[in-house]
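[1] Structure, please.
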Amino acid sequence: MPSFDISSEVDMVALKNAIDIAGKQIANRYDFKGTSAKVELNEKDSLITLYGDNDFQLDQIKDILLPGMEKKEPDSTKRLEHKDVQKVGGNKVKQELKIKAGIDAELAKKIVKLLKDTGLKVQASIQGDTVRVQGAKRDVLQEAIAFCKKSVTDFPLQFGNFRD
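    Just a heads-up that it's a prediction; the model follows:
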């Protein structure tokens, strides 16, 4: 029985590259000279930390970083969870952006429910942080992929592990 998996993996190489490029742009900008503006990636905790002198500067850093991330990996900014801005010693501020990887249980249930409500002859099951979809024919699975792409626009999804 043909099947495929719906997952959401982070392309860490593209993310690192985008953060490195943003860091270079920040270092070269005249209005950031002599400030604490910088971007750091903590791969282990899946965190991007933005440092700046004030909220306006954090917004400027985001305006550099987020389009760069989109250029490297489309829809990658949708997986970021923006934490609150924190005061750090004196007038400096920082903000953490949590990188969400995998499909959480709530989104997985939503995808399964959407596929059941379509009337397509497919079975969807949650397997950890992926959703496996099985169907009788390849054409039905392709319809299911097209439907998921159209319906779930608030989180980046990948469709892979296609088995015939």
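
[2] How about the most centrally placed residue in the chain, nearest residue that isn't a chain neighbour?
    Computing the C-alpha centroid of the chain and ranking residues by CA atoms, centre = their mean puts R79 first, at 2.6 Å. Taking CB to CB, 6 or more residues apart in numbering, and ignoring the residues beside it in sequence, R79 has K100 as its nearest neighbour in space, at 4.8 Å. For the C-beta atoms, the positions are set from N, CA and C on the backbone; glycine is no exception.

[3] just checking, that neighbour touches E81?
    Yes: using CB atoms under 8 Å, K100 is in contact with E81, at 5.9 Å.

[4] Tell me which of those two has more neighbours.
    The neighbour comparison of K100 against E81 (other CB atoms under 10 Å) goes to K100, with 16 against 11.

[5] ok, now which ones touch the more buried one?
    Counting by CB atoms under 8 Å, 6 or more residues apart in numbering, K100 makes contact with 8, 46, 79-81, 155.

[6] ok, back up a step: so what pLDDT did the residue nearest to R79 get?
    At K100, the pLDDT value in this model is 88.

[7] Kindly report the same for T153.
    T153 is assigned 85 on the pLDDT scale.

[8] Pull the number of nearby residues for it.
    A count of nearby residues for T153, using other CB under 10 Å, gives 10.

[9] what sits against Q86?
    By CB under 8 Å, 6+ apart, the neighbours of Q86 are 93-96.

[10] These: which two are farthest apart?
    Across the contacts of Q86, no pair lies farther apart than V93 and E96, at 11.3 Å, counting by CB to CB.

[11] what is the mean pLDDT for stretch 24-34?
    88.

[12] separation between the residue nearest to R79 and N161?
    From K100 across to N161, the span is 21 Å (CB to CB, to the nearest Å).

[13] How about L58?
    L58 sits 39 Å away from N161 when distances are taken as CB to CB.

[14] Please say which of those two ends up with more neighbours.
    When L58 and N161 are compared on other CB under 10 Å, the one with more neighbours turns out to be L58, at 18 against 12.

[15] which residues pair with the nearest residue to the more buried one once chain neighbours are set aside across the strands?
    The shortest distance from L58 to any non-neighbouring residue, by CB to CB, 6+ apart, is to G52 (4.5 Å). Taking DSSP bridges as the rule, G52 bridges to V93.

[16] Check what contacts stretch 104-113 and list those residues.
    Stretch 104-113 has contacts (CB under 8 Å, 6+ apart) with 6, 103, 124-126, 129, 131, 148, 152, 155.
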